[in-house]
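>>> need a structure here:
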Amino acid sequence: MTQEFVKFGKREITTDEPFASGHRGCIGCGEALAVRLAMKALGRDVAIANATGCIEIISSPLPDTSWEVPWIHTLFENTAAVASGIESGYKMLMKKGRIPQKHIDVIAIAGDGATADIGIQALSGALERGHDFVYLCFDNEAYMNTGIQRSSSTPYGASTTTAPAGKVITVGQQTQKKNMPAIAVAHNIPYVATASPSYPFDLMEKVKKAADVKGPAYVHILSVCDTGWRIPTNMSVTIGRMAVQTGMFPLYEVENGKYKLNVDKELKPVEEYLKKQGRYRHLSDDEIQKIQEHVTQEYAKLKQLATS
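I've put the predicted structure just below:
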C-alpha cells in the first residue's frame, strides 16, 4: 500500500487511517482522537488486543468495525496477557517457518479501569516477563462506558456516580489519582511516557518510539471525556492542553530510567482547569488550594527526577 503524507511545518503525517471514521464515539471524544493519532504512528503491521471499554464499544458494534488492522476484543482483566500470547505466538510461528519473518507491533489498548484497577495484575506480569509489546492506556479518569463510576485513576475532588459530591462527603473522590506511569517505571522497562492528543505530534512520536523499543513499553494517554467531565463538546483539545499547562497531567518520558520533561513551562493555576469542568463545580476555594498544593509538590518531584 502506497502511503501519502501531508505537511505540517517541518513535520509530515500520513493520510492513512487504520482506525476508520464512522465509529460511535461521542461528539468531541478525546479518546477517539487519541486512538486515531496512535494508529497513524503505528501503521498497519500491528496486532491489537483491546480491552472492554469505551474504545471497544464505539469501534466494534456488530456487524461493523472501525478497525482496518488485526484486532481482538479482550476482557477488562486480561488485555496484557492476551498481548503477551500474541507476541509469543508470532515469535514461535516465525521460528517454525509457518509465517514469514516480519516485524509486527503487538499493541495492548485499555482504559484506566482496565489498566489501573482490573488489569493491573496481568499488566505487571507482562512487563516483568519482558514481552516485546506496547501497552497504551487511554485514561479518561473514570469508568465512562458504564456510567461514569470512579476508578483509581479518578483525580481527587472529581464527582462521579460512585463518588458523588454531596452533603456528607462534599469533595467527591477522596483519594489521589494512582500514578500508573511510576508503577510501570518501577518494572525497569525500557520506555514509559505520558501523552495527550492535545499535543498530537508529541503523542505520535512517543507511540512510534514505544513501538521501536525492544521489550515492553508503556504510554499513558490523557483522553478527555466531555460527557464524564461535563464540558462542551468543542472543548476537548483545549481542556487537554490546560491539564498539561497546569501540571495536572505533565508530559514526560522515561527512557531506560532517565526522566525527561517534554513540556516544562511555568504552571498556570489549577483553578483555570478545574472551573471549566462540571465534575469539579462543587469544590470550595480551600479544596482547590489543596489540589494546587498537591500538584505543585508532585511537579517539583518530577522536575527533580528530570534534572538528576
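>>> residue boundaries of the strands in the chain?
Shown for the chain, the strands assigned by DSSP state E span residues 5-8, 11-14, 46-51, 71-74, 105-111, 134-139, 191-195, 217-222, 252-255, 258-261.
>>> Mind checking those for the one nearest to Ile27?
Closest approach to Ile27 among those is made by strand 134-139 (17.6 Å; C-beta to C-beta). The C-beta positions use only the backbone N, C-alpha and C, and glycine is treated the same way.
>>> and the direction of that closest one versus that of strand 46-51, what angle?
Going by axes from the mean of the first three to the mean of the last three C-alpha atoms, to 10 degrees, strand 134-139 is angled at 40 degrees with respect to strand 46-51.
>>> Strand 134-139 pairs with which strands?
strand 105-111 (parallel), strand 217-222 (parallel) (DSSP bridges).
>>> rewinding a little: need the strands of the chain in TSV (columns: mean neighbour count).
Converted to TSV, the strands of the chain look like this (neighbours: other C-beta atoms under 10 Å):
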stretch	mean neighbour count
strand 5-8	10
strand 11-14	13
strand 46-51	24
strand 71-74	18
strand 105-111	28
strand 134-139	27
strand 191-195	26
strand 217-222	26
strand 252-255	19
strand 258-261	14
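>>> could those go into CSV alongside distance to His282 and mean pLDDT?
Supplementary listing: the strands of the chain in CSV, determined by distance: least, C-beta to C-beta, whole Å; pLDDT from 0 to 100:
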stretch, distance to His282, mean pLDDT
strand 5-8, 40, 82
strand 11-14, 40, 87
strand 46-51, 31, 98
strand 71-74, 36, 97
strand 105-111, 25, 98
strand 134-139, 22, 98
strand 191-195, 27, 98
strand 217-222, 22, 98
strand 252-255, 31, 98
strand 258-261, 32, 97
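>>> need the ones you listed in CSV with distance to Leu302, can you?
Shown next, in CSV, are the strands of the chain (distance: least, C-beta to C-beta, whole Å):
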stretch, distance to Leu302
strand 5-8, 29
strand 11-14, 27
strand 46-51, 28
strand 71-74, 32
strand 105-111, 24
strand 134-139, 17
strand 191-195, 10
strand 217-222, 13
strand 252-255, 6
strand 258-261, 7
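>>> Just tell me which of these ends up closest to Leu305.
Nearest of those (C-beta to C-beta): strand 258-261, 4.2 Å.
>>> Give the pairing partners of that closest one; include direction for each.
By DSSP bridges, strand 258-261 pairs with strand 252-255 (antiparallel).
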